[in-house]
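Q: test case, fold it:
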Amino acid sequence: MGDGAIHPDDRKYFKEHEWVRSDGANGRVGLSAYAAEALGDIVFIELPDVGSAVTATEACGEIESVKSVSTLHSPVSGTVTAVNQSAVDSPELINSSPNDEGWLFEVEMSGANETDGLMSAYDYSAYVDTL
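A: Numbering: from 1, shown residues only. The predicted structure follows:
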């Protein structure tokens, strides 16, 4: 993959394979490189609407690949402020650049501690090694 580190350490990871990179009260959410590779060619994504509320650990969309349909979970709680229309229009971006251009949505997080229960890149890498 052309994204540099497989699991960049500038973000936190959820056990269902989503990541969030936060900048104060805002976060950008994406699918981990591990999940993008495991799913195979992604052909369709359904993301939450701008303005909708998302809740940490709960379903907020779908990702369809040539292999299967998977549930998208939000790693944090808050209000969706943007969706990556480029990824909706060209879902293969998630496969080719899951850590950068293939991000999914942005969220204004409910609180400063939203990422506290998530894994570091090191811990996430160790977690996926057990799968």
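Q: now do the strands in this protein.
A: Shown for the chain, the strands assigned by DSSP state E span residues 12-13, 18-23, 26-31, 42-46, 53-54, 59-65, 69-73, 78-83, 105-109.
Q: tell me the mean pLDDT over the fifth one?
A: Across strand 53-54, pLDDT averages out at 98.
Q: got it, and the first one?
A: Averaging pLDDT along strand 12-13 gives 98.
Q: which strands or helices does the longest helix seen in the chain pack on?
A: Secondary structure of the chain read by DSSP state H shows that its longest helix is helix 121-129. Helices and strands touching helix 121-129, as assessed by 3 or more Cβ pairs under 8 Å, 6 or more residues apart in numbering; DSSP states H and E, comprise strand 12-13. Bear in mind the C-beta positions are built from the backbone N, C-alpha and C, glycine included.
Q: quick check: nearest residue in space to the residue most central in space within the chain, chain neighbours excluded?
A: A centroid search over the chain (Cα atoms, centre = their mean) returns residue 30, at 2.3 Å, as the residue closest to the centre. Once flanking residues are discounted, residue 30 sits nearest to residue 103: 4.2 Å by Cβ to Cβ, 6 or more residues apart in numbering.
Q: and the gap between the one you found and residue 60?
A: 14 Å (Cβ to Cβ, to the nearest Å).
Q: kindly report the same for residue 126.
A: Counting by Cβ to Cβ - residue 126 and residue 60 are separated by 26 Å.
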